[in-house]
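Q: this one's sequence-less:
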């Protein structure tokens with residue numbers, strides 16, 4: 001059993017918007033589809049509420065994800081992959097994502113697919129450096 005909640009929080013050296021931009025550029029360069037960006041803080045503002053900058057990027061590759069979903073159908077709850085880029089109340093920016101091993105354990109994903117799920121760690125590391 002994994003310790004904690006399976007979420008990895010990586011500190012970013014950039015603002016939320018710049019981290020999101022970098023992640024978008026990396027995804028585009030790798031030919032990975034960016035399906036959506038959910039601007040949680042923007043939506044909060046529209047509702048008359050204040051929230052530090054918070055954006056969720058939803059991305060993936062059907063070529064990579066489909067075999068995983070065929071092997072472990074419930075992983076479709078957690079795919080496509082996601083990275084949450086957010087600013088805490090002290091002004092520090094983070095990129096958060098689900099740990100590959102957490103997803104493997106949660107959905108009984110065969111070991112051969114863990115490396116595919118772990119790509120999110122590399123992407124987050126590059127976007128935050």
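A: Sure thing, it's come through. Note that the structure is predicted; figures quoted are calculated from it, not measured.
Q: part of a strand, is residue 105?
A: No - looking at residue 105 with DSSP: H, G, I helix; E, B strand; the rest coil, it is helix, so not inside a strand.
Q: doesn't residue 121 make contact with residue 100?
A: Yes - at 7.0 Å, residue 100 counts as touching residue 121 under the criterion of Cβ atoms under 8 Å. Backbone N, C-alpha and C define where each C-beta goes, glycine included.
Q: neighbour-wise, which of the two wins?
A: residue 100 (21 against 17; other Cβ atoms under 10 Å).
Q: Spit out the contact partners of residue 68.
A: By Cβ atoms under 8 Å, 6 or more residues apart in numbering, residue 68 lies in contact with 75, 79, 109, 113, 116-117.
Q: which residues of the chain fall in helices?
A: 16-29, 40-46, 62-71, 100-107, 114-117, 119-128 (DSSP state H).
Q: Tell me the gap between the longest one and the middle of its chain.
A: Spelled out, it's helix 16-29. Chain-centre distance of helix 16-29: 12 Å, with Cα atoms, centre = their mean, to the nearest Å.
Q: That's all I had, so thanks and see you.
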